[in-house]
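What would the 3D arrangement of this be:
(chains A, B, C and D)
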Protein chains: 2
Amino acid sequence: MLENLHKIEVQSPVDLIITQIRNLISTKQVLPGDKLPSERKLAEHLGVSRGNVRAAISKLEFYGIVKVHANSGTRVTGLGIPALEGLITDILAMENVDFGSLVDTRILLEKEATRLAAIKRTDQDLKEIKTAMLNYENKLMKGEQAVEEDLLFHIKIAEASKNSVLKSLMLIITPDIVKNFINLKVCDESNNRKTIEEHRQIIDMISTRDADQAEKAMTTHLEAVKAFSQNFKP
Amino acid sequence: MLENLHKIEVQSPVDLIITQIRNLISTKQVLPGDKLPSERKLAEHLGVSRGNVRAAISKLEFYGIVKVHANSGTRVTGLGIPALEGLITDILAMENVDFGSLVDTRILLEKEATRLAAIKRTDQDLKEIKTAMLNYENKLMKGEQAVEEDLLFHIKIAEASKNSVLKSLMLIITPDIVKNFINLKVCDESNNRKTIEEHRQIIDMISTRDADQAEKAMTTHLEAVKAFSQNFKP
DNA sequence: TATTTAAAAGTGGTTAACCAAATATAGTTA
DNA sequence: TAACTATATTTGGTTAACCACTTTTAAATA
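Numbering: from 1, shown residues only, chains lettered A, B, ... in the order given. Here you go, the predicted model:
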């Protein structure tokens, strides 16, 4: 009997409001550059409190959809209406992203980061990467999970690439990776020794500034993760 | 005389609060899994209103640093303390990213997106890409700027790649690209004909499902942009 | 009529009080 | 003593009033 009950979609007030405002924009009732209705009017029309409208607009500003000007108004930014069609929902939906895409994209970013790191790393970078690696190994030796320490090792490499955007994007997808790893219990204890060896090889190649080999080592390291993820596709 | 005046760093209250909370976490006064002090106590200690603390925590939740539980408390998420060291500031600083990194990373993402699009595109995808291209051309013919339409063309390709993360990341960096393009007045009218031709080649290769040639065509298309950006490095 | 000026209406920003749910505490009972 | 219960406290969520600044409006002035 219970299987006939459908899961209730809890949709927070602010998400509802965001949807409404998006409609306002995509139906061209508000053009880019135009002012959004004031927070008070929005609140009254939507039948919610101004605080909720405020929170929704705050999110919208995060996504770069609108720009609030103190005491003056909130304007829709120039990024054209057409692009907005699916934009907001897509970014919001990133939370429920499929693991395969996540791993593929991670590999793409990390390969490039490793290549660049081999070329542009400073001695200080190398030192920090090694420290991160040791932190990972130590935690592993104590028999604890070390997903976060592992990720930090990779982020340090991205840092050494001197490409700030590359690093930022890695930071953005990192929480999702951590979440999925823990959910799926990816951490295979038997692979620890192999992982440690692969890390050391990557560092060696970065250390000797061999970009091609560094990228190759990282690719090898990540392909195992990808193979694993494919076994868990729903 | 005026040159002796230093620009005043306007730092909004919430950014200050975020910094304080970050310190609280990175100095291990609050461990992952621990509850953050209540909003009221934070507000009192920091000498600000609870609303500001609320806004700061909201941002922190966006970044995945904390998770708020209604009527119970706000907890620091598992993503380890070490990674937090520079995380928040880095993401916040992404607004002032250097154009070179931005273009490099865009090329990286787009090459992969184009490759995948050639393989995985549906007929519907192809149709939408062509529509986006025509929108771009039409606006160009009217002598208007068409940065946004250009970007939308590229986003449609990312959509066809069927890799949601890839698309999301492109959406994230798109506003920055638009901003910089407009600031630098990159749109070179003399290149219009060349750009249109390159777009058509990319579509042809995606249409015939030739992944290698599609990626190559996209690379050619973007290299011009990269060359331009290097002439404008500060 | 064109320009200036002053008042009023509107804006986002901020604050303090109140709400219901979750939690901790003390009291009661077996 | 242990388990349960009722109460008090603490929590994030919500609301409405107030603030300072901006924009609009309309009146006064040249």
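
Tell me where chain A has helices.
A:13-26, A:39-46, A:50-62, A:81-93, A:99-120, A:123-141, A:147-160, A:164-184, A:192-207, A:211-231 (DSSP state H).

Mean neighbour count, distance to DNA strand C and mean pLDDT for those - can I get that in a markdown table?
Just so you know, the C-beta spots here come from the backbone N, C-alpha and C atoms, and that holds for glycine as well. Formatted as a markdown table, the helices of chain A follow (neighbours: other CB atoms under 10 Å in any protein chain shown; distance: least, CB to the nearest atom of the strand, whole Å; pLDDT from 0 to 100):
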| stretch | mean neighbour count | distance to DNA strand C | mean pLDDT |
| --- | --- | --- | --- |
| helix A:13-26 | 17 | 12 | 76 |
| helix A:39-46 | 15 | 4 | 89 |
| helix A:50-62 | 19 | 6 | 85 |
| helix A:81-93 | 17 | 19 | 44 |
| helix A:99-120 | 22 | 30 | 91 |
| helix A:123-141 | 16 | 29 | 90 |
| helix A:147-160 | 24 | 25 | 85 |
| helix A:164-184 | 20 | 21 | 71 |
| helix A:192-207 | 17 | 35 | 90 |
| helix A:211-231 | 17 | 34 | 82 |
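
Can you lay out those helices as CSV showing distance to DNA strand D?
As requested, the helices of chain A are exported to CSV (distance: least, CB to the nearest atom of the strand, whole Å):
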stretch, distance to DNA strand D
helix A:13-26, 5
helix A:39-46, 8
helix A:50-62, 3
helix A:81-93, 18
helix A:99-120, 27
helix A:123-141, 30
helix A:147-160, 24
helix A:164-184, 19
helix A:192-207, 38
helix A:211-231, 33
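
what about those helices, which gets the closest to B:F99?
Of all these, it is helix A:164-184 that lies closest to B:F99, at 9.7 Å by CB to CB.

Contacts only, for the most centrally placed residue in chain A.
Nearest to the geometric centre of chain A sits A:I173, at 2.2 Å (CA atoms, centre = their mean). Counting by CB atoms under 8 Å, 6 or more residues apart in numbering or on different chains, A:I173 touches A:102, A:105-106, A:109, B:165, B:169.

re the thing from before, select, out of the helices of chain A, the one closest to B:D98.
Nearest to B:D98 among those is helix A:164-184 (6.6 Å), distances taken as CB to CB.

Show me chain A divided up by domain.
Listed domain ranges for chain A are A:9-94, A:97-231 (source: automatic domain parsing).

thinking A:S164 is in contact with B:D104, fair?
No - between A:S164 and B:D104 there is no contact under CB atoms under 8 Å: 10.3 Å.

need the helices of chain A in TSV with distance to B:K41, can you?
Output for these, formatted as TSV (distance: least, CB to CB, whole Å):
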stretch	distance to B:K41
helix A:13-26	25
helix A:39-46	29
helix A:50-62	21
helix A:81-93	32
helix A:99-120	37
helix A:123-141	32
helix A:147-160	28
helix A:164-184	27
helix A:192-207	42
helix A:211-231	42
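
Looking at the ones you listed, which is nearest to B:E128?
Closest of the helices of chain A to B:E128 is helix A:81-93, at 10.5 Å (criterion: CB to CB).

Would you quantify the distance from the nearest residue to A:D34 once chain neighbours are set aside to A:L31?
Leaving aside its chain neighbours, A:D34 sits nearest to A:V76 (5.7 Å; criterion: CB to CB, 6 or more residues apart in numbering or on different chains). Per CB to CB, to the nearest Å, A:V76 is found 7 Å from A:L31.

returning to that earlier point: between the domains of chain A, which one is nearest to B:K127?
Closest approach to B:K127 among those is made by domain A:9-94 (15.0 Å; CB to CB).

Which residue is the nearest non-sequential neighbour of A:R50?
Spatially, and ignoring its direct neighbours in sequence, A:R50 is nearest to A:A43 (4.3 Å; CB to CB, 6+ apart).

give the contact list for that neighbour.
Neighbours of A:A43 in contact, by CB under 8 Å, 6+ apart: A:49-50, A:52-53.

thinking again about what came up before, would you mind telling me which of the helices of chain A is nearest B:L116?
helix A:99-120 (8.6 Å).

Against which helices or strands is that closest one packed?
Where contact means 3 or more CB pairs under 8 Å, 6 or more residues apart in numbering or on different chains; DSSP states H and E, helix A:99-120 is packed against helix A:147-160, helix A:164-184, helix A:192-207, helix A:211-231, helix B:99-120, helix B:164-184.

could you say what helices and strands the first one packs with?
Right, the one you point to is helix A:147-160. Counting contacts by 3+ CB pairs under 8 Å, 6+ apart, helix A:147-160 is packed against helix A:99-120, helix A:123-141, helix A:164-184, helix A:192-207, helix B:81-93.

And the third one, by the same measure?
Contacts of helix A:192-207 with other secondary structure elements, assessed using 3+ CB pairs under 8 Å, 6+ apart, are made with helix A:99-120, helix A:123-141, helix A:147-160, helix A:211-231.

contact partners of the last one?
So the one you mean is helix A:211-231. Applying CB under 8 Å, 6+ apart, the external contacts of helix A:211-231 come out as A:99-100, A:103-104, A:106-107, A:110-112, A:114-119, A:186, A:188, A:191, A:194-195, A:198-199, A:201-202, A:204-206.

try it again with 6 Å
The contact list for helix A:211-231 (CB atoms under 6 Å, 6 or more residues apart in numbering or on different chains) reads A:99-100, A:103, A:107, A:110-111, A:114-115, A:118-119, A:198, A:201-202, A:205-206.

That helix vs helix A:99-120, what angle?
170 degrees (axes from the mean of the first three to the mean of the last three CA atoms, to 10 degrees).

now the angle from helix A:211-231 to helix A:192-207?
150 degrees.

one step back: between the domains of chain A, which gets nearest to B:R22?
domain A:97-231 (14.1 Å).

Distance from the closest one to the middle of the chain?
Using CA atoms, centre = their mean, to the nearest Å, the mean C-alpha position of domain A:97-231 is found 15 Å from that of the whole chain.

possible to save the helices and strands packed on helix A:192-207 as JSON lines with distance to B:V68?
Listed next are the helices and strands packed on helix A:192-207 as JSON lines, based on distance: least, CB to CB, whole Å:
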{"stretch": "helix A:99-120", "distance to B:V68": "25"}
{"stretch": "helix A:123-141", "distance to B:V68": "28"}
{"stretch": "helix A:147-160", "distance to B:V68": "21"}
{"stretch": "helix A:211-231", "distance to B:V68": "30"}
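
Any idea which of the ones you listed gets closest to B:I17?
helix A:147-160 (24.7 Å).
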